[in-house]
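> have a look; sequence and predicted model below, questions after that.
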Amino acid sequence: MMDNTNNKSSEIERKFLIHDPGCDLEEYPSVKIRQGYLVAEDRVELRVREEGTDCFLTFKKGQGEDRLEAEIPISREKFADFWPLTRGQRVRKQRYRVPCGDHTAEVDVYRRKLRGLITAEVEFPNQEAAIAFHPPDWLGLEITGDERYANQNLARHGIPEEAAAAVG
């Protein structure tokens with residue numbers, strides 16, 4: 001996620017599918033997240049997100065490792081106004097911040113219709129750092145750029161078939 005003091009930036013991250021985090025996630029700081037999509041089309045999304053006590057309206061454009069992102073804080077009341085408009089296009093998850101070498105992995109444990117799915121994203125300051133990153137084994141299969149695992153597609157279509165078989 002981008003720094004909210006800026007409302008426009010490039011987001012550089014890699015995403016992984018986790019079958020076993022190799023640790024007790026409850027030992028790490030976490031936050032409950034609800035996000036719903038107002039627009040979720042070809043490489044463009046407009047979403048509302050409640051993350052703990054904070055709420056945001058976020059625009060993202062692009063695919064894969066490097067995407068444009070603009071995010072603004074909104075009130076809880078404004079979030080409540082938008083939330084009903086996202087019916088059928090929602091994601092709920094618990095996000096854990098787990099140390100991963102010099103970086104932090106944001107490990108998302110999905111709930112409700114996506115229960116059993118666990119992913120992790122590692123964000124980087126630049127493309128060189130993203131390329132130089134050697135993920136530990138527990139991060140599992142890299143799914144950066146696999147649109148089936150984009151949150152907007154998970155919200156609309158559920159867990160991809162092969163991942164659904166793995167999470168049972």
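Nice, I can see it.
> so Phe56 touches Ala70, yeah?
No. Look at Phe56 against Ala70 with CB atoms under 8 Å: they stay out of range, at 10.3 Å. Every residue, glycine included, has its C-beta placed from N, CA and C.
> of the two, which one has the most company?
Phe56 (18 against 15; other CB atoms under 10 Å).
> what's opposite the more buried one in the beta bridge?
On the basis of DSSP bridges, Phe56 is bridged to Arg49, Pro73.
> show me what contacts it?
The neighbours of Phe56, taking CB atoms under 8 Å, 6 or more residues apart in numbering as the test, are Asn4, Val48, Arg49, Glu71, Ile72, Pro73, Ile74.
> is there a neighbour count for the fifth one? I'd like the number.
Right, Ile72. The burial count for Ile72: 12, using other CB under 10 Å.
> likewise the third one?
By the measure other CB under 10 Å, the count of residues near Arg49 is 19.
> contacting residues for it?
Here Arg49 is in contact with Ile33, Arg34, Gln35, Cys55, Phe56, Thr58 (CB under 8 Å, 6+ apart).
> mind checking pLDDT for the residue positioned nearest the centre of the chain?
For the chain, Asn151 is the residue whose C-alpha lies nearest the centre (CA atoms, centre = their mean; 6.1 Å). Among the per-residue scores, Asn151 holds a pLDDT of 89.
> helix/strand/coil for the residue located most distally from the centre of the chain?
Distance to the chain centre peaks in the chain at Glu77, reaching 23.2 Å (criterion: CA atoms, centre = their mean). Classification of Glu77 by DSSP: H, G, I helix; E, B strand; the rest coil places it in helix.
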